[in-house]
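A.B. asks: Sequence below, structure please.
(chains A and B)
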There are 2 protein chains.
Amino acid sequence: MDAIAVYDDGDSPELIDVPRPTPAAGEALVRVLRVGVDGTDHEVIAGEHGVSPAEDDYLVLGHEAVGVVEDPNGTEFTEGELVVPMVRRPPGPDNEYFERGEADMAPTGQYHERGIVGAHGYMSEYFTSPAEYLVSIPESVAEYGFLVEPVSITEKALEHAIASRSAFEWTPESSLVLGNGSLGLLTLAMLGSRTERTYCLGRRDRPDPTIDIIESLGATYIDSRQTPVSSVSDRYEPMDLVYEATGHAPHAFETVEALAPNGVGALLGVPGTHEFEIDGGALHEELVLHNKALVGTVNSGRTHFERAVETLQSLPEWLLDDLVTDVVGVDAFERAFSDDDHTIKTAVEF
Amino acid sequence: MDAIAVYDDGDSPELIDVPRPTPAAGEALVRVLRVGVDGTDHEVIAGEHGVSPAEDDYLVLGHEAVGVVEDPNGTEFTEGELVVPMVRRPPGPDNEYFERGEADMAPTGQYHERGIVGAHGYMSEYFTSPAEYLVSIPESVAEYGFLVEPVSITEKALEHAIASRSAFEWTPESSLVLGNGSLGLLTLAMLGSRTERTYCLGRRDRPDPTIDIIESLGATYIDSRQTPVSSVSDRYEPMDLVYEATGHAPHAFETVEALAPNGVGALLGVPGTHEFEIDGGALHEELVLHNKALVGTVNSGRTHFERAVETLQSLPEWLLDDLVTDVVGVDAFERAFSDDDHTIKTAVEF
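C.D. replies: Below is the predicted model:
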């Protein structure tokens, strides 16, 4: 069957032929409909992140998938049921995090991530998965079902950020998303129902499709070239919640300055080594005297996927249409990996 | 009446004579028994922190007090009842934080702190207080009742730290206290019932009374001159919870490295400007990939004071006896402000 993979010694995705998988006991066979592309895929392709399965010298890409059950193989699913697969899998038996349904809390080395670390992804005509890692979705979100995974990432991040503020009365009114990529824009839309005023930071010139989406959502666009994160509080307003989705490390620390008293910054970027000077004393003091928190989160668990299915149904149709700028067939798969100013979110359709 | 104060143009505490206060409606008159001295008092004396009341050129010191109600003045208290006063007061009417009992969450400018910012402290023969800022304590903790306030600081910090981990299953087994001052040692004792293995970091040579207390509590002493915070994880073990009570800003950032996956660092120090270089990218990535959190907290609310009264009753008598190295009368008050290697915690007795 067709699959899109990157070889360990390659630097771009290739269309390859691999055997169609056979479901083991407890696994269903899923026919892939669409697989989204995100920043992690680009990092995997560039060799900055990710590991191929031990037995292969290539990695089938893709971790944001939607498919249809082709063979339930005795699982709880029915033939034709729409499903979204979760990303993490246990690398061996007796994994406490997976056993209690919190794979997203497993530390490095205690998980594989399909399409990223140690296990093939979903960018192929079929995949198999244990039933416990498949989430059923309704027909109404089939078209954009590949967005369930990124939305679930934000469901988890917001859950953890809100939990960190649960020891006192906290009613966030303002929120700021750092980054106007597809995850940032989805998050901005999700925050629109949680905070009265939303802001999104980027570094694009108008006219720009992401700025159009930001403003159509009723949010304020902040150009980081004119207003650095550390000045947002003065120039606009202090933010009760900041969602960092850039992976630009200085932003994680400037977030402390952007926050309102008692606010929380949810960190999601994975920047790697980046040395710089900070006024660590002032940041430390500000965290303490104004009861601020920084919460890092990664991946997402089943409850986040289930909530994401609900959330996706509540997002406006125009947003999803504008956000997904290209859905390409396998024959034109290269286009899904282009990364220009007109591209927001792409997917490959099988 | 006698009071111990620092003048705006002075640099050491002085015994002064001030009028005995008269309770207003809703206030009780409290006769002071003992008032503890802590690092904040030393900062106030050194002029690094604190503001005198607008109408005076001096500040009566002390925010850790225990007293006895001399005149209930129509409040819920009875004559002879033992009380501990809370620290913050509203600087004006209509303060939402005070109205909902969360004065500790009020931002700068929206509170006075008795003995620290904008209001006289408790280091005098008598003070008055609205009944709502007094917490009743049993006779059994009268002697060390001035420790209720510092213990309440940790009650709040642990509450917020634990809340930040409440979105998943978190069972902390190891904890590390940065700083072997009196607050650090009290916290170490409190963590002994919450985590199986406790550690305390300092920079003292043996023999040392704080190291003796650390080891009597069954904790492990870590000498920061041999093992910096960033190496604790490798040398000892990764910590599920780190409690920062040093005010040394680099420690706040090194805490990220000391934490185990899914761990939380509670920050309490107030260092002021301190610039240094960090590998912000590595710290940012570590926060994210291992779901770590940093939570700053300051001050404490009524529930924390009430919990602290319970906690204080549960701490071993030997600990309090060893921790409180000196209780001096007013005539020898200067001794309560000495700060040598034999001094852990002192109090002035009226």
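A.B. asks: thinking A:Pro130 is in contact with A:Ala25, fair?
C.D. replies: No - the pair formed by A:Pro130 and A:Ala25 falls short of the contact definition of CB atoms under 8 Å, at 9.5 Å. For glycine as for every other residue, the C-beta is placed from the backbone atoms N, C-alpha and C.
A.B. asks: So between those two, which is more surrounded?
C.D. replies: Of the pair A:Pro130 and A:Ala25, A:Pro130 is the one with more neighbours under other CB atoms under 10 Å in any protein chain shown, namely 17 against 8.
A.B. asks: For that one, give me its contacts.
C.D. replies: A:Gly26, A:Glu27, A:Arg89 (CB atoms under 8 Å, 6 or more residues apart in numbering or on different chains).
A.B. asks: For it, report the pLDDT, please.
C.D. replies: Note for A:Pro130: predicted pLDDT of 98.
A.B. asks: before we move on, what about A:Ala219?
C.D. replies: pLDDT, A:Ala219: 98.
A.B. asks: Setting the sequence-adjacent residues aside, check what's closest to it.
C.D. replies: Counting by CB to CB, 6 or more residues apart in numbering or on different chains, A:Thr198 is the residue found nearest to A:Ala219 once chain neighbours are left out, at 4.1 Å.
A.B. asks: The host helix or strand of the one you found pairs with which strands, parallel or anti?
C.D. replies: Per DSSP states H and E, A:Thr198 falls inside strand A:197-202. In the sheet, strand A:197-202 lines up against strand A:174-178 (parallel), strand A:220-223 (parallel) (DSSP bridges).
A.B. asks: re earlier: the residue nearest to A:Ala219 contacts A:Ser175, correct?
C.D. replies: Yes - between A:Thr198 and A:Ser175 a contact is recorded at 5.3 Å, counting by CB under 8 Å.
A.B. asks: Mind listing the shared neighbours of those two?
C.D. replies: A:Leu191.
A.B. asks: hang on, the earlier thing: let me know the pLDDT of the residue nearest to A:Ala219.
C.D. replies: 98.
A.B. asks: next one: A:Asp340
C.D. replies: The model reports A:Asp340 with a pLDDT of 87.
A.B. asks: With A:Ile137 instead?
C.D. replies: 98.
A.B. asks: Contacts only, for it.
C.D. replies: Counting by CB under 8 Å, 6+ apart, A:Ile137 touches A:Val66, A:Leu82, A:Val83, A:Val84, A:Gly145, A:Val148, A:Val309.
A.B. asks: how about a cut-off of 7 Å?
C.D. replies: Counting by CB atoms under 7 Å, 6 or more residues apart in numbering or on different chains, A:Ile137 touches A:Leu82, A:Val83, A:Val84, A:Gly145, A:Val148, A:Val309.
A.B. asks: Please apply the same query to A:Glu155.
C.D. replies: With CB under 7 Å, 6+ apart, A:Glu155 has these contacts: A:Ser300, A:His304, A:Arg307, A:Ala308, A:Thr311.
A.B. asks: Got the confidence number for the second one?
C.D. replies: We have a pLDDT of 98 for A:His304.
A.B. asks: still on that earlier bit, quickly compare the strands paired with strand A:197-202 and say which is most buried.
C.D. replies: Neighbour counts (mean count of other CB atoms under 10 Å in any protein chain shown) averaged over each of those peak at strand A:174-178, with a mean of 29.
A.B. asks: hmm, who's touching that strand?
C.D. replies: A:184, A:187-188, A:191, A:195, A:197-201, A:229, A:232, A:237, A:239-246, A:251, A:258, A:260.
A.B. asks: buried sites along the following helix or strand past it?
C.D. replies: Using DSSP H and E, the next helix or strand after strand A:174-178 towards the C-terminus is helix A:182-191. Within helix A:182-191, the residues scored as buried using 16 or more other CB atoms under 10 Å in any protein chain shown are A:Ser182, A:Leu183, A:Gly184, A:Leu185, A:Leu186, A:Thr187, A:Leu188, A:Ala189, A:Met190, A:Leu191.
A.B. asks: Now do the same contact list for the last one.
C.D. replies: What that stands for is A:Leu191. Contacts for A:Leu191 (CB under 7 Å, 6+ apart) come out as A:Ser175, A:Val177, A:Thr198.
A.B. asks: Who are the contact partners of the residue nearest to A:Ala219?
C.D. replies: A:Thr198 neighbours (CB under 7 Å, 6+ apart): A:Ser175, A:Leu188, A:Leu191, A:Gly192, A:Ala219.
A.B. asks: what's the closest of those residues to B:Phe77?
C.D. replies: Using CB to CB, A:Ser175 comes nearest to B:Phe77 of those, at 44.2 Å.
A.B. asks: and A:Leu147, helix, strand or coil?
C.D. replies: At A:Leu147 the chain is in helix, as set by DSSP: H, G, I helix; E, B strand; the rest coil.
A.B. asks: Now do the buried residues in the lengthiest strand in chain A.
C.D. replies: Longest strand of chain A, by residue count under DSSP state E: strand A:27-37. Buried residues in strand A:27-37, counted by 16+ other CB under 10 Å: A:Glu27, A:Ala28, A:Leu29, A:Val30, A:Val32, A:Leu33, A:Arg34, A:Val35, A:Gly36, A:Val37.
A.B. asks: Not counting sequence-adjacent ones, nearest residue to the fourth one?
C.D. replies: With CB to CB, 6+ apart as the measure, A:Gly67 is the residue that lies nearest to A:Val30, at 4.0 Å, once sequence neighbours are left out.
A.B. asks: likewise the first one?
C.D. replies: Nearest-residue entry for A:Glu27: A:Thr128, 4.6 Å, with adjacent residues in sequence omitted and distances by CB to CB, 6+ apart.
A.B. asks: and what of A:Pro107?
C.D. replies: Using CB to CB, 6+ apart, the nearest residue to A:Pro107 is B:Pro261, at 3.7 Å.
A.B. asks: measure that neighbour to A:Met86 for me?
C.D. replies: Using CB to CB, to the nearest Å, B:Pro261 is found at 19 Å from A:Met86.
A.B. asks: swap in A:Asp331?
C.D. replies: When A:Asp331 is compared with A:Met86 (using CB to CB), they lie 29 Å apart.
A.B. asks: neighbour count winner among those two?
C.D. replies: Using other CB under 10 Å, the more surrounded residue of A:Asp331 and A:Met86 is A:Met86, with 25 against 9.
A.B. asks: Tell me where the stretch 51-200 of chain A has helices.
C.D. replies: Secondary structure of the stretch 51-200 of chain A (DSSP state H, counting those that start in this stretch): helices located at A:96-99, A:148-163, A:182-191.
A.B. asks: Specify the next element, helix or strand, located C-terminal of the helix or strand where A:Val264 lies.
C.D. replies: According to DSSP H and E, A:Val264 maps onto strand A:259-267. Once the chain leaves strand A:259-267, the next helix or strand it forms, by DSSP H and E, is strand A:275-279.
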